[in-house]
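> with the sequence up front, the predicted model follows.
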Amino acid sequence: MSTLAVQDHGVAHHHEEGHEHHHDTFLTKYIFSQDHKMIAKQFLITGITMAFIAMTLSILFRIQLAYPDKTFPLLQTLLGRFAPDGRLDPNFYLALVTIHGTIMVFFVLTAGLSGTFANLLIPLQVGARDMASPFMNMLSYWFFLTACVIMLSSFFIEKGPASGGWTIYPPLSALPKAMPGSGLGMTLWLISMVCFVGSSLMGGINYVSTVLNMRTKGMDLWKMPLTVWALFLTAVLGVLAFPVLVAGIVLLIFDRSFGTSFYLSDIVIAGQVMPFEGGSPILFQHLFWFLGHPEVYIVIMPAMGIASEVMSVNSRKPIFGYHAMVYSLIGITVLSFIVWGHHMFVTGMNPFLGGVFMITTLIIAVPSAVKTFNWLATLWRGNIRFTPAMLFAIGMVSFFISGGLTGIFLGNAALDINLHDTYFVVAHFHLVMGSAAIFGMLCGVYHWFPKMFGRLMDEKLGYLHFWLTFIGAYLVFFPMHFMGLGGVPRRYYAMTEFPSFNQWLSVNVFITWAAVVSALAQIAFLFNFIHSIFWGKKTTQNPWNANTLEWTTPVEHLHGNWPGEIPTVYRWAYDYSKPGAEEDFITQITPFSHTMSSNLPSDFEDNEAGLEAQTKWASTQKANEEVK
């Protein structure tokens with residue numbers, strides 16, 4: 001067994017005796033918990049709930065797209081005034097698209113993904129008792145839940161939810177009388193998003209502080225797993241980018257409520273000239289996409305880190321190019337702030353400025369390509385274990401490649417003029433961001449489920465879930481590329497008014513049924529998830545034979561993570577299948593003095609005493625062999 005080093009973590013780490021004698025009530029343990037592991041579960045379960053709601057909304061508007069002229073009495077029974085005579089109201093159709101996009105981008109792929117795995121993994125993988133501020137961590141969840149409740153409450157008001165698209169462009173979002181969803185529904189959307197940003201900022205500051213200040217002895221930055229690097233840089237992105245959205249929302253509220261004209265000019269409603277002048281909706285686009293493009297990487301970077309960890313563990317190989325992977329994450333973090341204009345090529349942007357944004361967009365593909373190459377090199381000739389988590393990690397890479405390639409087309413200013421606002425865009429971001437991030441999230445759920453709940457998920461149901469979801473996602477989104485190339489615009493309620501688009505109706509029917517099958521596959525996951533929490537097979541301490549610190553904590557959770565001292569870290573997280581080692585994994589807390597037969601000179605870059613001891617041991621071994 002490895003030796004453990006005593007380390008005083010000061011006030012930030014709670015004293016263990018306090019945990020041993022402290023008895024939580026139901027409220028303090030499950031509801032208002034300040035334990036990062038419980039807060040991770042709260043984020044996960046809330047995120048899964050919101051994902052199922054968003055999925056249901058997507059099925060409703062897919063039915064409308066597949067059968068635009070048919071009536072479904074069941075829809076009127078379920079939706080009442082929003083589906084008169086069994087057909088979706090056109091305004092409510094746009095509301096469904098708006099809330100589906102908002103929930104998926106912000107509440108599932110941002111809060112559900114980062115909130116779950118940053119809370120679960122950062123303290124456990126860097127060797128901390130808890131987050132830097134457990135109370136602020138608890139508040140971040142409750143602000144998130146409040147945002148979810150406010151967003152969903154807009155379905156129960158008279159005129160329905162916000163209907164300006166998930167990007168809420170003015171004037172639909174700035175004029176309360178523009179359409180039914182521009183009134184109270186849009187107000188609730190704005191309030192919900194302010195609460196959400198508050199949650200993200202509290203979480204992000206906590207994650208950054210914990211990584212920088214609370215690492216255990218020996219855990220320098222180059223020994224951190226890629227999951228921690230990805231979650232840390234994601235938090236940096238969020239802290240810098242989300243306040244810009246709040247600024248844009250505040251100006252929008254001024255336009256809506258106080259008669260200002262930040263985003264409005266020359267507006268006519270029902271023949272009446274409105275008093276707005278001098279504003280520009282393009283200003284809102286700049287503010288929104290200054291968050292919106294970093295948001296793409298806030299969504300995908302945690303999935304990248306999770307997939308990297310799971311692929312290394314299940315390939316039984318060190319991650320290929322660890323330093324290159326870290327530098328590529330840093331490169332993505334920096335470059336993501338200077339590419340937002342590629343969402344705005346058709347706004348009348350100066351062609352020179354469009355060229356600048358096009359070049360930076362193509363440059364940001366370089367670190368993404370580095371990561372893709374390194375994932376494939378990690379898999380190459382690995383002793384691969386095809387667990388459900390591993391399959392979802394590979395699926396994430398597949399979607400990232402296929403969806404990312406279409407980004408090259410959209411990043412080209414000349415091509416984007418033809419493809420902008422068509423189904424090609426929908427296909428691109430649903431593959432590269434939506435599907436890839438969802439697969440990264442599911443990969444993490446399957447892999448760290450034993451750490452969260454002390455039990456294992458059923459593998460056979462996991463395989464069924466993977467294959468139906470993987471095939472279904474490609475069947476849903478891949479045909480949309482061809483619809484986009486054919487000029488089919490997104491967000492249209494029905495294509496039957498346009499004879500040139502009628503040929504795509506059968507494709508829409510196919511996509512809708514593929515979406516229904518994919519949605520049904522998620523029921524297998526939900527059953528597996530809930531059943532395994534209570535009745536799954538009990539796990540061992542380290543079921544995957546992984547190296548990182550979270551697998552050194554007891555299966556039974558305690559607030560403080562480790563009984564007694566926190567382990568000292570001696571090595572990086574990816575010592576798998578090392579030549580000369582007794583086993584195919586060496587945990588981070590195993591000293592080099594215990595693995596003399598497998599140590600390499602590169603292991604002692606900053607440790608002259610260790611290198612000297614290793615050299616002396618090697619000389620002794622050589623002398624013994626000569627004697628023999």
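Sure thing, it's come through. Worth saying up front: this structure is predicted, and the values here are computed from it rather than measured.
> quick one, strands of the chain?
Remark: strands assigned in the chain by DSSP state E are 268-269, 272-273, 455-456, 537-538.
> winner for burial among those?
Comparing the strands of the chain by mean neighbour count (mean count of other Cβ atoms under 10 Å), strand 455-456 comes out on top with a mean of 17. Where C-beta positions appear, they are placed from N, C-alpha and C, glycine not excepted.
> that one pairs with which strands, parallel or anti?
In the sheet, strand 455-456 lines up against strand 537-538 (antiparallel) (DSSP bridges).
> need the contact list for residue 493.
Counting by Cβ atoms under 8 Å, 6 or more residues apart in numbering, residue 493 makes contact with 64, 68, 88, 90, 93, 94.
> and it, what's its pLDDT?
pLDDT recorded at residue 493 is 90.
> quick revisit: and which of the contacts of residue 493 is nearest to residue 114?
Nearest to residue 114, judged by Cβ to Cβ, of the contacts of residue 493 is residue 94 at 28.5 Å.
> now the closest one. Nearest residue, chain neighbours left out?
Of all residues not flanking residue 94 in the chain, residue 163 sits nearest, at 4.4 Å (Cβ to Cβ, 6 or more residues apart in numbering).
> what does residue 88 give?
Per Cβ to Cβ, 6+ apart, closest to residue 88 is residue 64, 4.7 Å.
> so the one you found touches residue 492, yeah?
No. With contact defined as Cβ atoms under 8 Å, residue 64 and residue 492 do not form a contacting pair (10.3 Å).
> which residue is the nearest non-sequential neighbour of residue 383?
Per Cβ to Cβ, 6+ apart, closest to residue 383 is residue 316, 4.4 Å.
> burial of the one you found, as a residue count?
For residue 316, the count of nearby residues is 15 (other Cβ atoms under 10 Å).
> can you give me how far the longest helix seen in the chain is from the chain middle?
Taking DSSP state H as the criterion, the chain has its longest helix at helix 281-315. Centre-to-centre, helix 281-315 and its host chain are 7 Å apart (Cα atoms, centre = their mean, to the nearest Å).
> what comes up buried for it?
281, 284-315 (16 or more other Cβ atoms under 10 Å).
> coming back round to it: identify the farthest-apart pair in the contacts of residue 493.
In the contacts of residue 493, the most distant members under the criterion Cβ to Cβ are 68 and 94, with 14.5 Å between them.
> the more surrounded of these two?
Taking other Cβ under 10 Å, residue 68 and residue 94 do not tie; residue 94 has more neighbours (25 against 17).
> correct me, but residue 284 touches residue 169?
Yes. Using Cβ under 8 Å, residue 284 makes contact with residue 169 at a distance of 6.5 Å.
> any chance of the contacts of residue 493 in a markdown table, plus distance to residue 115 and pLDDT?
A markdown table is the format used below for the contacts of residue 493 (distance: Cβ to Cβ, whole Å; pLDDT from 0 to 100):
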| residue | distance to residue 115 | pLDDT |
| --- | --- | --- |
| 64 | 32 | 93 |
| 68 | 38 | 91 |
| 88 | 32 | 93 |
| 90 | 35 | 92 |
| 93 | 30 | 95 |
| 94 | 28 | 95 |
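> out of the residues you listed, flag the one nearest to residue 565.
Using Cβ to Cβ, those come closest to residue 565 at residue 94, 57.6 Å.
> show the contacting residues for that closest one.
For residue 94, the contact set (Cβ under 8 Å, 6+ apart) comprises 163, 164, 165, 179, 181, 491, 493.
> who's in contact with the closest residue to residue 428 other than its chain neighbours?
Using Cβ to Cβ, 6+ apart and skipping the chain neighbours, the partner closest in space to residue 428 is residue 406 (4.4 Å). By Cβ under 8 Å, 6+ apart, the contact list for residue 406 reads 424, 427, 428, 431, 432, 481.
> just among those residues, which is most surrounded?
Neighbour tally across the contacts of residue 406 (other Cβ under 10 Å): the maximum, 27 neighbours, falls on residue 431.
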